[in-house]
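Enquirer: Predicted model, plus sequence, below.
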2 protein chains.
Amino acid sequence: MATDPRYRQIAEDLREQIESGELAHGTQLPTELELRERYDASRNTVRDAIKLLIARGMVETRPGQGTFVVEQIIPYVIMVKPETGSGLGEGANYASEIEAGSRKPKESVPRVEVKLATGVIASELQLQDDSEVVSRHQQRYIDGTPYSLQTSFYPMSLVEQGAVRILQAAEIPEGVVTYVREVLGKKQVSWRDKITVRTPDANEANFFRVPDDGRIAVFETFRTSFDESGEPLRLTVTVYPTDRNQFVVNVGEVPPKQQAPDGQASDRKQPE
Amino acid sequence: MATDPRYRQIAEDLREQIESGELAHGTQLPTELELRERYDASRNTVRDAIKLLIARGMVETRPGQGTFVVEQIIPYVIMVKPETGSGLGEGANYASEIEAGSRKPKESVPRVEVKLATGVIASELQLQDDSEVVSRHQQRYIDGTPYSLQTSFYPMSLVEQGAVRILQAAEIPEGVVTYVREVLGKKQVSWRDKITVRTPDANEANFFRVPDDGRIAVFETFRTSFDESGEPLRLTVTVYPTDRNQFVVNVGEVPPKQQAPDGQASDRKQPE
DNA sequence: GGGTATTTGTCCGTATGTATT
DNA sequence: AAATACATACGGACAAATACC
């Protein structure tokens, strides 16, 4: 068997030190020059090893300071399906999807635009390509840290039928879904969530304060909501960083979970 | 404003060519030497630009051949919640979670082990640390390509109560859940799914045939199933590559989706 | 604020190895 | 076997960010 390249050997050695706890979370690694001497390799080779650990999300570099083992992140929990009993079709205030606790959600004033539906938007809302839709975009924070970017798309027909407040660039306190139900009698009775993962674009990387080199992916969720007649009411596209979020779906009456800080990932199994 | 480093400028230029369709999916980029001349930069700088595009999942390199724009992948759709009407608690045969069509699922013979529960496993199954659990591990394929790695953990108490076939290293055609219901009368009435994303370990990267540098993440899902008394029956941990899978959750009566190949991601919105 | 030392980031040139055709 | 193209590794120079005095 071929021996691993030098930079992989070095990365492997550092990885073991990190996983064994020898290098604790948040502590600084030896500098590149020290590692260069320790492993008797060139600085560039050491840097290649570090790049590998960065790609695996184990360390981060801070120019002028050094290289550090990343801190553990306690993930936010996103409930896809509300607890049974809380009833469907609320979901206007996203605070309900956040685990209770000391966490304080905050959201920006929506930016409202009228656009032409294309691609996924048209297809999910079952509209012709280039139909008009209203787009409402918000940035959301928890405890001051960027949490998600969300854009909801509504068919323009809702506005034409009288739900004009959808066009207002202001929060709709009772929620758009409640508003549409009150004005038009259209009730959201079901939805489909699609959860995908991709690399963030430059804007998203900037907002979430993650590196813009694609090494931290984002969840992109598509929620298409339907009324009783099966007609799509809206499409909500939400983007979350994968490094601090997880989704939970409850099916049936699930017993409440006693809070455990949820240690590390499971020990994994090898395919023979 | 500071100008971007050369390698980012080059990456940006190539990115635009790819996204504009000038460089179609599957086509070869100019070689490093050609790019070196075109951009009047060193080969190492060109390589840094390509590394950025690799991290973003836009291109791949093949030694001896060249650098290519990655092909579009048509994702598999994983249904988290079965269509209403299909009843809960089947889910033994995972084929049901795959979209119908020409796709042929296949799974390996389970590897069965008795282990001590630790961390998440103990906590999800509400067992003491170091209690015994039965682990059943399988590799699953669709159309011959690696699809997921799955390990289910069962409390040893199920075996002690008489469900001895859980220990057999062979498929249980009717499904373990059905078997447990028939033998012990314990019925799976609910479950909780947790969906997270992380980088694959070496074994997973090898099985899924993705690069082992962490640039393609995996979904790791935890499904904890409960019986009528709220007692955990099993924990199933499944790992899927994020580059070819997506999750769909239906809540309420969702109208069937007319099949559209689901073009590109939504056009994204900028945080002011 | 300024100056200096430390540390990582960028960019270059070169040589050699390995995979593929 | 030869040619091509990417992978690894080295060494060097300077820039940029940070911390400290």
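Expert: That came in fine, so what should we check first?

Enquirer: Show the contacting residues for residue A:229.
Expert: Shown in contact with residue A:229 (C-beta atoms under 8 Å, 6 or more residues apart in numbering or on different chains): no residues. C-beta coordinates here come from the backbone N, C-alpha and C atoms, glycine included.

Enquirer: where does it land in three-state SS?
Expert: coil (DSSP: H, G, I helix; E, B strand; the rest coil).

Enquirer: try residue A:238
Expert: Under three-state DSSP, the three-state class of residue A:238 is strand.

Enquirer: Wait, it touches residue A:153, no?
Expert: No: with contacts counted by C-beta atoms under 8 Å, residue A:238 stays clear of residue A:153, the gap being 12.0 Å.

Enquirer: By mean pLDDT, point me to the weakest helix or strand of chain A.
Expert: Sorting the helices and strands of chain A by mean pLDDT, DSSP states H and E puts strand A:105-107 at the bottom, at a mean of 82.

Enquirer: Parallel or antiparallel, which strands does it pair with?
Expert: Here strand A:105-107 is paired, per DSSP bridges, with strand A:132-142 (antiparallel).

Enquirer: Determine how far the strand it pairs with lies from the middle of the whole chain.
Expert: Here the centre of strand A:132-142 is set off from its chain's centre by 15 Å, with C-alpha atoms, centre = their mean, to the nearest Å.

Enquirer: and residue A:132, what does it touch?
Expert: By C-beta under 8 Å, 6+ apart, the contact list for residue A:132 reads A:114, A:115, A:116, A:117, A:156.

Enquirer: and residue A:222, how many neighbours?
Expert: Using other C-beta atoms under 10 Å in any protein chain shown, residue A:222 is surrounded by 22 other residues.

Enquirer: Quick check: bridge partners of the residue nearest to residue A:111 when sequence neighbours are not counted?
Expert: Distance criterion C-beta to C-beta, 6 or more residues apart in numbering or on different chains; nearest residue to residue A:111, sequence neighbours excluded, is residue A:137 at 4.6 Å. Note on residue A:137: beta-bridge partners by DSSP bridges are residue A:111, residue A:151.

Enquirer: ok, residue A:137 - contacts?
Expert: With contact taken as C-beta under 8 Å, 6+ apart, residue A:137 is in contact with A:110, A:111, A:112, A:113, A:149, A:150, A:151, B:269.

Enquirer: element containing the fifth one, please.
Expert: Pointing back at residue A:149 there. strand A:145-155 (DSSP states H and E).

Enquirer: Following element in sequence after that strand, please.
Expert: Trace forward from strand A:145-155 with DSSP H and E and the next one is helix A:156-160.

Enquirer: what does that following helix rub up against?
Expert: So helix A:156-160 is in contact with A:114, A:131, A:132, A:133, A:134, A:166, A:167, A:180, A:184, A:186, A:233, going by C-beta under 8 Å, 6+ apart.

Enquirer: chain center to that helix, what's the gap?
Expert: Put simply, helix A:156-160 sits 30 Å off its chain's centre (C-alpha atoms, centre = their mean).

Enquirer: Of all the residues in the next helix or strand along the chain from it, which ones are buried?
Expert: Per DSSP H and E, helix A:156-160 leads on to helix A:176-184 as the next helix or strand towards the C-terminus. Across helix A:176-184, burial judged by 16 or more other C-beta atoms under 10 Å in any protein chain shown covers A:176, A:177, A:178, A:179, A:180, A:181.

Enquirer: Please save the CA atoms from helix A:176-184 in CSV.
Expert: Extracted in CSV, the C-alpha atoms of helix A:176-184 (Å, rounded to 0.1, in the frame of the first residue of the first chain):
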residue,chain,number,x,y,z
VAL,A,176,-49.2,36.8,6.7
VAL,A,177,-50.9,33.4,6.8
THR,A,178,-53.4,34.6,9.5
TYR,A,179,-53.9,37.8,7.5
VAL,A,180,-54.7,36.0,4.3
ARG,A,181,-57.1,33.7,6.1
GLU,A,182,-58.9,36.6,7.6
VAL,A,183,-59.1,38.7,4.4
LEU,A,184,-59.6,36.0,1.8
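
Enquirer: Is it positioned near chain B?
Expert: No: judged by C-beta under 8 Å from any C-beta of the partner chain, helix A:176-184 makes no contact with chain B; its nearest approach is 13.0 Å.

Enquirer: That helix: what's the following helix or strand?
Expert: For helix A:176-184, the following helix or strand on the C-terminal side (DSSP H and E) is strand A:188-198.

Enquirer: mind checking how far the next helix-or-strand element following that following strand is from the chain centre?
Expert: Counting by DSSP H and E, the next helix or strand C-terminal to strand A:188-198 is helix A:202-208. Distance, stretch centre to chain centre, for helix A:202-208: 12 Å (C-alpha atoms, centre = their mean).

Enquirer: Good, wrapping up.
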